[in-house]
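1. Pasted the sequence and its predicted model underneath.
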Amino acid sequence: MFHSIPMRKYLVIVTLFLANPCHGQLIKKKAAMPPSPLDKIVVNDQFASATLHEVYQTLMTNYKVNIIYDSNYCKKRYFSYWFSKTPFTRAIEITTRDPGVSIKPLDKMTYYIDSALNITIKYDRTSTIYTEDGKLAEVMPVQKKFEGPAEKKNFNISGKVVDVASGEPLPFVTVTVSGTGIGTVSNADGLFSLLNVPSDTATISASYLGYLTRTIYLNPQMQTGNFIIELFPGGAVSLKDVVVTGNRNDMMKMSSGDLSMIKLSPAKLAELPNVGEKDVMRAFQLMPGVSASNESSSGLYVRGGTPDQNLVVYDGFTIYHVDHLYGFFSAFNANAVKDVQLYKGGFDSKFGGRLSSVMELTGKEGNKKNFNLGGDISLLSCNLFTEIPLTENISIMAAWRRSWKGPIYNWIFDSFNQNDNETEQQPVMTGGPGGGPSDETKTTSYFSDLNVKVTYKPTEKDNIAYSYFYSIDKLDNSTNFTAPGGFGGGNSSGFSNGTTDLTRYGNVGMSLKWSRKWADRLYGNTLVSYSNYYSERDRSNERTTTNSSTSETTTIKNGILENNDLTDLSFKSDYEWNLFKWSDLGFGIFGTDYDINYNYSQDDTSEVLARSGHGILTGGYIQDKMTFFKKRLEIKPGIRLSYFDITGKLYQEPRLATGLNITDRLSLKGSYGQFYQFANRITREDILSGSRDFWILSDETKVPVSKSTHYIAGVSYETNNYLFSVEAYKKDLENISEYSMRFSTTRFSTTVNESFYTGYGFAKGIELLVQKKARKFTGWVSYSLGQARNHFDVYGEGYFAANQDVTHEFKAVSVYKYKRWDFSATLVYATGRPYTAPAGSYSITLLDGTSEDYFTVTTKNSLRLPDYHRLDLSASYHIFNSNKKDIGYMSLSLFNAYNQTNVWYKQYYISEGSVIESNVNYLGITPNLTLSLKIR
């Protein structure tokens, strides 16, 4: 009997051990039939991205019914729904999620559900579906558009967008009603609400970077609450009449709704060349408007700004330092990051405390369905992650990474350690039988980080998430020389000489967030967070002498001691209220308790600079996103108010963004905003060996609260395959600070003058972008013309080039896919950055008869380093398991493939009255090999 049923139709056969079942009531507008005993069964199960095979197995186990179905097909089709007191017959109908469902009796005991989808599946001999490269496909079902009349009009749809395989919520997904101006963006928890959907036969579209755009045809039988949209990865296939390979391969996306906003797909970072780790921050340096010529910092120099002017938020808490290993790698583990977006300027009112830009990272919650384990190993580090679904409502994600002393790590450490130290390491010497001198070198060098996220969903409306982040770098190259008393003959005193060369820095952060969907139109989240940045730098020499006669010891310590400690305790509560179909209101309150300390001394008794600041920042914001003329025109006014207790002032930050879609492809945008920064990273000028930075708190005396004003305009033209974009910007800066030590000399003495200087400046420029978004060959080309200028009265009249000024910057990124292979290349060219150099030297005889060498300097930043350029290459081969599932890759990268010598900074020292110059260079050609594997 069952063999007569066409296999091209999706079927579920329900065999009951009950009498006289009848299901005519499922067919709308047809004669009612006697009630079925199945109607007495109520389903209360929740499914998130489960296969239909798993759904039917669960229903059979929980409700003692027998369901016979085409397992080959059902194992490839995913289903998400929250059943609550749903009649069993209705539940079976919902599992099809298709129009035209009918129930046909086969006999008194057996009925089957026949879907009129008319979908033909092209199977090979093993009844599985493969993509062009031979990988087992994620199958995205395609519905046939409902042809019947609509039953509801102008109603609301609310639900969640999730990854089809893991069930993990997807944030910031664009969800629209096709052919109308109705649309929205899912929030950080993947929740969305569509207001005033014109009819229940409309078409819904959902798009997200790195995933296929999903089209859903509504029909009157569909649930409008708890509406689950499952998105398939970019490598998925779509079923129509034949198997079709997905052709989208977006790695980067310029936001269609926000000016100067860029999204990046963390899942595609492995396609880019790298020095040892797939790196979120390094990938953003390939974007237009973000400088890529500073290898020594993973921080972002955005549109003439500095890394401290870029707010970095990870799961709601602020990260104040993003570097590993001299800045060559960022502290963010790509395996722990789900979503990342960068606002290059004119950002929303909910963000504040920075002058230039905002980077928002969302951590993974972990697989909601299955246990997963994976990791990477390269010539630099090892990286492990796991995803654990403890229960239906609790999931855990953890990722750990640590460097190991492989070729790349040693190469970088040795190169820059030698450049940074005048003391060379000596081989270990041990004393002979007579107890001779010993020289011991202790070398400890590594970086490590840990991410943990626990997510708990107590109800359908609530979500609680705890996120923890830890990173540390320790670079210790200390030595110790010991000589016993009598060494060298006679009664000489014993001594020990210890040279400390220790740098240790890191971040610790955590947040606890409660999110709640109060109503279809109102969503809110409340968060408490803790963040701590610490930096310890000890470059000192300690000599201890022991008198052999009296046994008295004398200790003298000199050198550089530097400590910076920042603690941030924060609270914020944000709300999104869909007032009308043309108005989305955002509002919230916030508060931060800062405690920042900095100490800099040149020996154990001479304290050059000591700063300690404690302050509380509180405030609120409101912003309204209004759309008119079917979303052709968008206006987004807002204001942020901040009260800083140290200054006792209220700071007002008005914001305004506008957008006009002239056609479906051509858009004009503009924005204006004012921004304040209360915690500042100050540059400590060091002419001889390169400047250093440290965090301190504004106090309105030596270090005022800094301010910037943004003016941005742009135009873009976008097709399915290409994007052309032009953006121009100008930033006016006020109350920027710098710290410098300068020497003043009189006839009788020389004194050190240390001062904080306050100035102003501007940054302006234009950015051009051409992006190819689809097919096998993708990538982009960008050009930036920029100017960053500062003015400090102490350095003379007029403006001078800021340290981060780069006039021209050109970048090209290309990715080519061929079967299992990904080939990529990146090319960067930038004009040289400015620097200040000694112009000459002189010697001063001090009162004790000794002499000291000093130097005079050129005009501030009047010289330029040589132009910077490099080419990076990579090739990746995807690894499949026996079931043709993609479980990893092997990648070979060449950083700086043609071995260009690029200058990091200049070093100087004075010898016999002459200034000697030397270059500290960046890395030459650096290969890397990475192996990445995971269970699923």
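-> Okay, I see it.

2. Assign a three-state SS to Gly299, would you?
-> Secondary structure assignment for Gly299 (DSSP: H, G, I helix; E, B strand; the rest coil): coil.

3. surely it meets Met281?
-> Yes - counting by Cβ atoms under 8 Å, Gly299 touches Met281, with 7.2 Å between them. For glycine as for every other residue, the C-beta is placed from the backbone atoms N, C-alpha and C.

4. Common neighbours of those two, please.
-> Taking Cβ atoms under 8 Å, 6 or more residues apart in numbering as the contact rule, Gly299 and Met281 both touch Val322.

5. And those two? Which one has more around it.
-> A count of neighbours by other Cβ atoms under 10 Å puts Met281 above the other of Gly299 and Met281, at 26 against 23.

6. Let me see the contact set for the residue nearest to that one when sequence neighbours are not counted.
-> In space, Met281 comes closest to Ser330 once its chain neighbours are excluded; the distance is 3.6 Å by Cβ to Cβ, 6 or more residues apart in numbering. Counting by Cβ under 8 Å, 6+ apart, Ser330 touches 279-282, 298, 322-324.

7. which one among the residues you listed gets closest to Lys268?
-> Taking Cβ to Cβ as the measure, Lys268 sits nearest to Val280 out of the contacts of Ser330, at 11.2 Å.

8. ok, and the closest non-adjacent residue to that closest one?
-> Leaving aside its sequence neighbours, Val280 sits nearest to Phe332 (Cβ to Cβ, 6+ apart; 4.9 Å).

9. Write down the beta-bridge partners of the residue nearest to Met281, one by one.
-> Ser330 has these beta-bridge partners by DSSP bridges: Asp323.

10. can you tell me how far it sits from Leu361?
-> As for Ser330, its distance to Leu361 is 10 Å (criterion: Cβ to Cβ, to the nearest Å).

11. who touches both of those two?
-> In contact with both Ser330 and Leu361: Val280, using Cβ under 8 Å, 6+ apart.

12. Dump the stretch of helix or strand Leu892 belongs to to PDB, restricted to CA.
-> In this structure, Leu892 sits in strand 886-895 according to DSSP states H and E. Provided in PDB are the C-alpha atoms of strand 886-895 (Å, rounded to 0.1, in the frame of the first residue of the first chain):
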ATOM      1  CA  ASP A 886      32.700  20.000   6.200                       C
ATOM      2  CA  ILE A 887      34.600  19.500   9.500                       C
ATOM      3  CA  GLY A 888      37.700  21.700   9.000                       C
ATOM      4  CA  TYR A 889      40.400  22.900   6.800                       C
ATOM      5  CA  MET A 890      44.200  23.100   6.300                       C
ATOM      6  CA  SER A 891      45.600  26.500   5.400                       C
ATOM      7  CA  LEU A 892      48.900  27.900   4.300                       C
ATOM      8  CA  SER A 893      49.600  31.600   4.500                       C
ATOM      9  CA  LEU A 894      52.500  33.800   3.400                       C
ATOM     10  CA  PHE A 895      52.500  37.200   5.200                       C
END
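
13. Okay, now the sheet partners of that strand, with direction.
-> Sheet pairing for strand 886-895, assigned by DSSP bridges, gives strand 868-880 (antiparallel), strand 926-934 (antiparallel).

14. Run through the helices of the protein in chain order.
-> In the chain, the helices defined using DSSP state H lie at 52-63, 71-74, 88-96, 280-284, 407-420.

15. Would you single out the least confident of those helices?
-> Among the helices of the chain, helix 407-420 has the lowest mean pLDDT, at a mean of 62.

16. Count the residues that sit near the closest residue to Thr499 other than its chain neighbours.
-> Using Cβ to Cβ, 6+ apart and skipping residues adjacent in sequence, the residue nearest Thr499 is Thr479, 4.8 Å away. For Thr479, the tally of surrounding residues (other Cβ under 10 Å) stands at 20.

17. okay, Thr479: pLDDT?
-> 70.

18. any idea how far Leu502 is from it?
-> For Thr479, the distance to Leu502 - Cβ to Cβ - is 11 Å.

19. buried sites along the lengthiest strand in the chain?
-> Counting by DSSP state E, the longest strand found in the chain is strand 553-580. Across strand 553-580, burial judged by 16 or more other Cβ atoms under 10 Å covers 559, 561-570, 572-578.

20. same thing with stretch 466-480?
-> 467-473, 475, 477-479.
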